[in-house]
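Novice: Here is my input; please provide its structure:
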Amino acid sequence: MKYFFIFSFFHFFILTSCIEPIELLPDIEGEITAFEVVGQVGVAAINSATRTVSIELSEGSDFASVAITRLELTDTAVASVEVGDVVDLSSPFTIEVTTVASYTWTVNASVAHSSERELPGGGFDEWHVSGSRTWNPWPQDGVWEVDRWWDTGNRGVSLLAPSNSAPTEFGEGCPAYPEGRAARLESVWAGIKVAGGNIYFGQFGRFTGIDATCLMGHPWQARPRSLKGWYRYFPQPVDEVGGDEYLAHHPYQLSRDEWMGSADSLSVIVALWASPDGTNKPFTVDTTPSSYVDFLPTTPGIIAYGQIVSADEQAEWAEFEVPLEYRGEGTLPANAQLLVQITSSKNCNYFIAGTGDRGRTGPGSLMYVDELELTY
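Specialist: Sure, this is the predicted structure:
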């Protein structure tokens, strides 16, 4: 019996040594990485920690009967639904995603109110004059965020000079609406400093001595693809440059002599931004040297950003488009703001512009802009 046991153990050892060890598959979690349905607005917000997918559907969608148009999973995973299936999203809907184990995901759908908003006031037809010479790009007695959306730097300029951001006459609009008006933006010498013609989505802030602040932006909960519009442009060489206290803040770090005579250029910026502190406030541009703030692609809180810059003359009306580059996906923060800033001199916040020798040899850099709209 003793020898039989030893022989059996030896036989078992030889047999098992010829068998390769079994390699267990890793427990790869089944995750949804992309999800879309008919009528969806924007990109789904996917949370792998809670295994939830949050989407918005356009107003009027039939939540009880929605077809899946996109479903992407982690490698090796399969789902209990597939592209083309019609599902009921009138209440939370569950999807089983299986790899080695099974994982339950929940899809939550809500209505996207005003999901594709037009750009209010983008035709620049409604203006009025306050005082004797300050043009304002909203109608007399306009109501904030009803028919008053845009502003200019005219409150500062018109202290010593006529408004340099003003409407054209009716009948001088772009080809999309020729019977209307356009915004005329000119870079001028304003008695103390150069002032770029500008118009922006927001409102003028306050004066700090001879400097000022602008409050840029309005609350926004849509994700546009681009800003489109019409423009004409007549640039002048740079002939006015701010002091060293402003040049020190410029990202190019050029000297006054390097700026003088260089090509002036227009700028159109469109962006989505949310204050990093979570508050629902606009972005403040401040030209005070001691607390200087400009709006740049590196500004904290940017969700999406787009800009075009051009130093080329454009005598006839032409269309432009500024694509937005998003820094992430998902729903927008509740405090998101839409910013649009247009100027005849890109560096006017640093008091650098072409003025036509302070108007003695002709107009300064001159831009016309009209019929702005957002695309989705």
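
Novice: Let me see the contact set for residue 99.
Specialist: Neighbour list for residue 99: 27, 28, 29, 30, 74, 76, 77 [criterion: C-beta atoms under 8 Å, 6 or more residues apart in numbering]. In this view, the C-beta of every residue, glycine as well, is placed from N, C-alpha and C.

Novice: One more: residue 250?
Specialist: 347, 350, 352.

Novice: So the second one versus residue 299, what's the distance?
Specialist: If I follow you right, that is residue 350. 16 Å (C-beta to C-beta, to the nearest Å).

Novice: Among those two, which residue is more densely surrounded?
Specialist: Between residue 350 and residue 299, counting by other C-beta atoms under 10 Å, residue 350 is the more crowded of the two (25 against 15).

Novice: thought that one was touching residue 244?
Specialist: No. Assessed by C-beta atoms under 8 Å, residue 350 is found out of contact with residue 244, at 10.9 Å.

Novice: buried ones in stretch 250-266?
Specialist: Going by neighbour count (16 or more other C-beta atoms under 10 Å), the buried part of stretch 250-266 is 250, 259, 262, 264, 265, 266.

Novice: For the last one, give the beta-bridge partners.
Specialist: Under the criterion DSSP bridges, residue 266 forms beta bridges with residue 310.

Novice: Pretty sure it sits against residue 346.
Specialist: Yes. Residue 266 is within contact range of residue 346, at 6.7 Å (criterion: C-beta under 8 Å).

Novice: list the residues that contact both of those two?
Specialist: By C-beta under 8 Å, 6+ apart, the residues touching both residue 266 and residue 346 are residue 309.

Novice: number of nearby residues for residue 225?
Specialist: Residue 225: 14 neighbours (other C-beta under 10 Å).

Novice: same thing with the one 5 residues further on?
Specialist: When neighbours are counted by other C-beta under 10 Å, residue 230 registers 19.

Novice: Ignoring the adjacent residues along the chain, who's closest to it?
Specialist: In this structure, residue 230 finds its nearest non-sequential neighbour in residue 174, 3.6 Å apart by C-beta to C-beta, 6 or more residues apart in numbering.

Novice: Check whether that neighbour sits in a helix, strand or coil.
Specialist: Under DSSP: H, G, I helix; E, B strand; the rest coil, the three-state class of residue 174 is coil.

Novice: I'd guessed it sits against residue 317; true?
Specialist: Yes. Between residue 174 and residue 317 there is a contact at 4.8 Å, judged by C-beta under 8 Å.

Novice: more crowded one of those two?
Specialist: residue 174 (23 against 17).

Novice: In contact with the more buried one, which residues?
Specialist: By C-beta under 8 Å, 6+ apart, the contact set of residue 174 is 182, 230, 317, 368, 370, 371.

Novice: quick one: it from residue 313, how far?
Specialist: Using C-beta to C-beta, we find residue 174 at a distance of 17 Å from residue 313.

Novice: same deal with residue 149?
Specialist: Distance, residue 149 to residue 313, using C-beta to C-beta: 30 Å.
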